[in-house]
Every structure is written in C-alpha cells, then in structure tokens.
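Asker: Sequence unavailable; structure follows:
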C-alpha cells in the first residue's frame, strides 16, 4: 500500500513514523468469556461461523486482507 492510496494516508503514515509507535493488528490474546473462552476462539467463531451452534459467519478479518492483497 502506498501513501497515495487514500487522501491523508501519507501524512498519517509520516506522523506515525515520527512518533516512533507501532500499531497492533489482529485478535488480542487472553480470555474473553467467564467460562474461559479465549478471544481467539470468539474471533474464529465470528469469522467462520459455527453451524452446529446456529451462529452465522460474520467475517471481519478476511475482507480487509483480501481488499489489500497485492495483485
């Protein structure tokens, strides 16, 4: 992705470099539910669904990766 892809993105990228900070992307580690279910498990169920439990797919990760995949 180049800085010219979106208006203002180049300036934002420069400000982040100047601030010397990192942006974390992904699913946080740790427990999400009182029963000990991990954040990764919750994310996977939302991403791929769970037909056995009647939970539909609610992809929130793949779309971004596919949209920004290099040609």
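Answerer: Alright, I've got the coordinates. A quick note: this is a predicted structure, and the numbers were derived from the prediction, not measured.

Asker: For residue 58, which non-adjacent residue is closest in space?
Answerer: residue 46 (4.6 Å; C-beta to C-beta, 6 or more residues apart in numbering). Glycine gets a C-beta too; all of them are placed from N, C-alpha and C.

Asker: So which bits of the host helix or strand of that neighbour are buried?
Answerer: Residue 46 belongs to helix 39-48 when assigned by DSSP states H and E. Buried residues in helix 39-48, counted by 16 or more other C-beta atoms under 10 Å: 43, 46.

Asker: With stretch 62-69 instead?
Answerer: Judged by neighbour count (16+ other C-beta under 10 Å), stretch 62-69 contains no buried residues.

Asker: Which of the three states applies to residue 11?
Answerer: Classification of residue 11 using DSSP: H, G, I helix; E, B strand; the rest coil returns helix.

Asker: So that it lines up with my notes, have the first residue be 888 from now on.
Answerer: Happy to do that; since the first residue is 888 now, the last one works out to residue 898.

Asker: What's the local residue count around it?
Answerer: Residues near residue 898, counting by other C-beta atoms under 10 Å, number 10.

Asker: separation between the residue of the chain most remote from its centre and residue 929?
Answerer: Within the chain, residue 939 marks the point farthest from the mean C-alpha position, 24.9 Å out by C-alpha atoms, centre = their mean. Per C-beta to C-beta, to the nearest Å, residue 939 is found 16 Å from residue 929.

Asker: do the same with residue 954
Answerer: With distances taken as C-beta to C-beta, residue 954 is found 23 Å from residue 929.

Asker: again with residue 942
Answerer: 10 Å.

Asker: swap in residue 935?
Answerer: 12 Å.

Asker: Now that residue 920 has come up, it's in contact with residue 927, right?
Answerer: No: under the criterion of C-beta atoms under 8 Å, residue 920 makes no contact with residue 927, lying 11.9 Å away.

Asker: Helices of this structure, start to end?
Answerer: Taking DSSP state H to define them, one finds helices in the chain at 896-906, 926-935, 949-955.
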